[in-house]
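S.K.: Predicted model and sequence below, questions to follow.
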Amino acid sequence: MLKHGRTPRAIFLLALSLGGGSIACRQTTVLAGDAEIPTAKVKEVNLQLKVFTKGALHTEQSRVISAPPIAGGTLQIIELAAAGTQVHTGDVVLEFDPSQQEYNLAQNRSDLEQADQEIVKAKADAAVQTAEDQTALLKAKFAVRKAELEVSKNEILSQIDGQKNVLALDEAKRALTQLEQDIRSHSASNQAALAISQEKHHKAQLAMDQAERNIKNMRITSPIDGLMVIHGNRDSTGGFFMDGMTLPDYHVGDQVNPGSSIAEVIDSSHLEISAQVGETDRTNLKTGQAVDITIDALPGESFTGKVRTVGGATAREFWDDNSKHKFDVAVQLDRADPRLRPGFEAKLNILGDRLTRAVSLPAEAIFEHDGKKVVYCERGGGFEMQEVKVRALSEGQAILEGIPVGTVVALVNPEKKHSGKPKEGGSAAPNLGSSFN
């Protein structure tokens with residue numbers, strides 16, 4: 001007997017109602033499992049593309065100031081313009097002690113004077129020798145002529161006297177021949193002695209000229225207008241240097257090796273920034289685009305510039321496996337600032353094109369699969385992988401092609417989120433299809 005007047009039909013309808021409620025709960029539990037994956041909806045937006053990157057300041061024009069290549073040991077700095085000094089073309093920025101070269105100049109000048117005296121003496125000796133030879137030659141020729149006249153009388157002389165005349169003629173001719181040979185030898189000897197003295201003169205003159213040039217080269221002037229930058233003193237370590245070492249700057253009094261790089265004059269009016277961007281950003285950059293710039297060394301200051309060049313080929317370094325995806329970008333500053341130095345790090349905000357009604361979603365919704373860009377679209381109670389073309393990445397937003405507005409996509413990779421066994425009490429992993437259109 002039923003209490004409270006409930007009929008069997010009422011009991012049956014109540015049981016059916018409870019059973020229906022149980023099915024609805026199971027369906028809600030499955031949907032709650034899918035909700036563990038955060039999602040976002042593809043939207044249509046108006047925005048300006050921005051490319052953020054970092055770079056470093058450098059100058060297109062600079063001149064290295066080096067110690068002159070003078071043989072004979074180290075050089076001592078006696079004057080050096082201070083780092084950061086603004087110098088002009090022709091200003092003395094570096095000077096070395098010229099004492100050794102001045103001594104060499106005096107010595108070479110003395111050698112030159114001695115060589116000149118030797119030349120005068122050689123010429124005088126040659127003139128005396130020539131005069132003596134000419135006198136001896138006249139006597140020898142006269143002796144030959146006299147002997148010839150005596151021989152011409154042989155017809156009226158005895159045979160013995162005639163033979164004596166012939167022998168005297170032969171002797172006179174031999175003496176003349178020998179004298180002519182001696183004169184030629186004297187001439188050659190005199191010319192050689194003069195040539196040696198002249199070579200000494202030439203050598204002393206060259207050495208003196210070199211010493212004068214060296215003294216002049218001890219005073220080095222700036223070849224351009226610019227900013228003075230002092231290099232690290234590698235001579236202080238004997239020429240040994242390793243990455244990470246901190247070298248002291250060159251100072252007055254330092255001993256340096258000839259040819260060492262001491263300083264550099266940089267043209268601070270033509271500073272530009274070198275940076276790199278990724279392959280996706282490269283497609284959105286053009287020369288002339290405006291750039292907002294901040295310099296790490298000058299906090300609170302802002303600068304502007306323009307894109308000067310965009311590299312057409314990837315920059316690659318053998319130690320960087322990802323460098324094949326980087327492109328060089330050069331940014332020219334709009335104005336010079338004396339506080340800026342080459343090597344300062346800079347943050348760049350490159351302002352690209354303005355887009356209207358662009359298809360956008362958060363950048364974290366883009367994943368890579370087999371070298372392709374994909375998103376996971378929510379479809380049929382699960383997530384389906386679909387290839388997309390990323391037009392740009394700007395301020396955390398990805399601008400896409402190949403996906404309709406309103407599509408719901410996963411913000412995490414569902415394959416990784418649901419890999420392995422499902423949690424106890426949770427739903428099974430969602431259906432993951434693949435669609436490459």
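M.R.: Everything's here; your move. Everything quoted here is computed from the prediction, not taken from an experiment.

S.K.: Now the phi/psi pair for E364, please.
M.R.: With angles defined as degrees, to the nearest 10, E364 sits at phi -70, psi -10.

S.K.: D281 versus that one, what's the distance?
M.R.: 17 Å (Cβ to Cβ, to the nearest Å). C-beta: built from backbone N, CA, C; applies to glycine.

S.K.: if you count what's nearby, which of the two comes out ahead?
M.R.: Neighbour tally, E364 and D281, criterion other Cβ atoms under 10 Å: the higher count belongs to D281, 23 against 13.

S.K.: phi, psi of the more buried one?
M.R.: Dihedral angles for D281 - degrees, to the nearest 10 - are phi -70, psi -30.

S.K.: Show the contacting residues for it.
M.R.: Taking Cβ atoms under 8 Å, 6 or more residues apart in numbering, we find D281 in contact with 51, 53, 392-393.

S.K.: any idea how far it is from L393?
M.R.: D281 is 7 Å from L393, by Cβ to Cβ.

S.K.: just the helices in the stretch 251-400 of the chain please.
M.R.: Using DSSP state H, counting those that start in this stretch, the helices of the stretch 251-400 of the chain run over residues 279-282.

S.K.: Actually, the stretch 1-150 of the chain.
M.R.: Counting by DSSP H, counting those that start in this stretch, the helices of the stretch 1-150 of the chain are 8-34, 99-151.

S.K.: Now the residue nearest to R109 when sequence neighbours are not counted: which helix or strand?
M.R.: In this structure, R109 finds its nearest non-sequential neighbour in M208, 5.6 Å apart by Cβ to Cβ, 6 or more residues apart in numbering. Assigned by DSSP states H and E, M208 falls within helix 159-217.

S.K.: Give the next helix or strand downstream of that helix.
M.R.: strand 219-221.

S.K.: just checking, what packs against that following strand?
M.R.: Packing partners of strand 219-221 (3 or more Cβ pairs under 8 Å, 6 or more residues apart in numbering; DSSP states H and E): strand 92-96.

S.K.: what residue ranges in the protein are flagged as low confidence?
M.R.: 1-35, 237-245, 313-324, 417-437 (pLDDT under 70).

S.K.: Now do stretch 339-350: everything it contacts.
M.R.: If you take Cβ under 8 Å, 6+ apart as the criterion, stretch 339-350 is touched by 50-59, 62, 227, 229, 266, 268, 271, 273, 275, 285, 289-298, 307, 329, 331, 333.

S.K.: redo that, cut-off 7 Å
M.R.: 50-59, 266, 268, 271, 273, 275, 285, 289, 291-298, 307, 331 (Cβ atoms under 7 Å, 6 or more residues apart in numbering).

S.K.: next one: it to chain centre, how far?
M.R.: 18 Å (Cα atoms, centre = their mean, to the nearest Å).

S.K.: May I see the buried residues of that stretch?
M.R.: Within stretch 339-350, the residues that count as buried by 16 or more other Cβ atoms under 10 Å are 340-342, 344, 346, 348, 350.

S.K.: what are the bridge partners for the spatially closest residue to L333 that is not a sequence neighbour, then?
M.R.: Excluding the flanking residues, the one nearest L333 by Cβ to Cβ, 6+ apart is G305, at 4.6 Å. Beta-bridge partners of G305, counted by DSSP bridges, are V291, L333.

S.K.: for the one 4 residues further on, same thing?
M.R.: Residues in a beta bridge with T309, per DSSP bridges, are A330.

S.K.: contacting residues around L355?
M.R.: Contact partners of L355, counting by Cβ under 7 Å, 6+ apart, are 46-47, 49, 399.

S.K.: give me that answer again for 6 Å
M.R.: Contact analysis of L355 by Cβ atoms under 6 Å, 6 or more residues apart in numbering lists L47.

S.K.: State the distance from it to E401.
M.R.: 12 Å.

S.K.: same question, S274
M.R.: Distance from S274 to E401, by Cβ to Cβ: 31 Å.

S.K.: higher neighbour count, the two?
M.R.: Neighbours were counted for S274 and for E401 using other Cβ under 10 Å; S274 has more, 14 against 10.

S.K.: which ones are touching the nearest residue to the more buried one once chain neighbours are set aside?
M.R.: Nearest residue to S274, sequence neighbours excluded (Cβ to Cβ, 6+ apart): G55, at 5.4 Å. G55 sits next to 273-275, 346, 348 when contact means Cβ under 6 Å, 6+ apart.
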